[in-house]
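> Fold the following and give me the result.
(one chain, ligands or ions: 1)
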Amino acid sequence: MAIARSIVDIAVAAAQRENAGRVVRVNVLAGELRAIIPAQLIYYFGVMSQDTLADGAHLGLETAPLVGRCSDCDEEFDARDCSLVCPGCNGQDIQMVSGTELRVQSIEVD
Ligand SMILES: [Zn+2]
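As a prediction, the model looks like this:
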């Protein structure tokens, strides 16, 4: 719910900057680790955006896959199964390079 609120805030601020009449669409990139439930986020976005410039805007959600990088050999790999062991060298010093982000990618205004 707090996420939906900040997405609305970002969209409204962008529309105001552009002197736009309303927000048509907001595209959000959400990492898999965020465990966002799309239907829930879309619902709260609709509730939070009522009576704002983003009222009635379409929320587009794109999911960023979970990708880890090994600190030992720099290999990047699909970490979707949550294995935190490098498939290249069996190293266990893994950094997440994708999958934890949550950001507004783009906003379409009218
Ligand atoms: Zn490695």
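> The chain against the ion: which residues are in contact?
70, 72, 73, 75, 86, 88, 89, 91 (C-beta under 5 Å from the ion). C-beta coordinates here come from the backbone N, C-alpha and C atoms, glycine included.
> buried residues in stretch 35-46?
Using 16 or more other C-beta atoms under 10 Å as the test for burial, stretch 35-46 gives 36, 41, 42, 44, 45, 46.
> mean confidence score for that stretch?
Mean per-residue pLDDT for stretch 35-46: 93.
> what do you get for stretch 78-94?
Mean predicted confidence for stretch 78-94 is 89.
> start to end distance for that stretch?
By C-alpha to C-alpha, to the nearest Å, the extent of stretch 78-94 from end to end equals 12 Å.
> and that stretch, how far out from the chain's middle?
23 Å (C-alpha atoms, centre = their mean, to the nearest Å).
> Tell me the buried residues in it?
79, 86, 94.
> Would you mind measuring from the residue nearest to residue 91 when sequence neighbours are not counted to residue 98?
Closest residue in space to residue 91, ignoring its immediate chain neighbours: residue 72 at 3.7 Å, by C-beta to C-beta, 6 or more residues apart in numbering. Distance of residue 72 to residue 98, given as C-beta to C-beta, to the nearest Å: 19 Å.
> Return the subset of the residues of the chain next to the ion lying in strands.
Under the assignment DSSP state E, these contribute residue 70 to strands.
> Out of the residues of the chain next to the ion, which is nearest to residue 108?
residue 75 (37.6 Å; C-beta to C-beta).
> so who does the nearest residue to that closest one once chain neighbours are set aside touch?
Among residues not flanking residue 75 along the chain, residue 88 sits closest, at 4.0 Å (C-beta to C-beta, 6+ apart). By C-beta atoms under 8 Å, 6 or more residues apart in numbering, the residues touching residue 88 are 70, 73, 75, 77.
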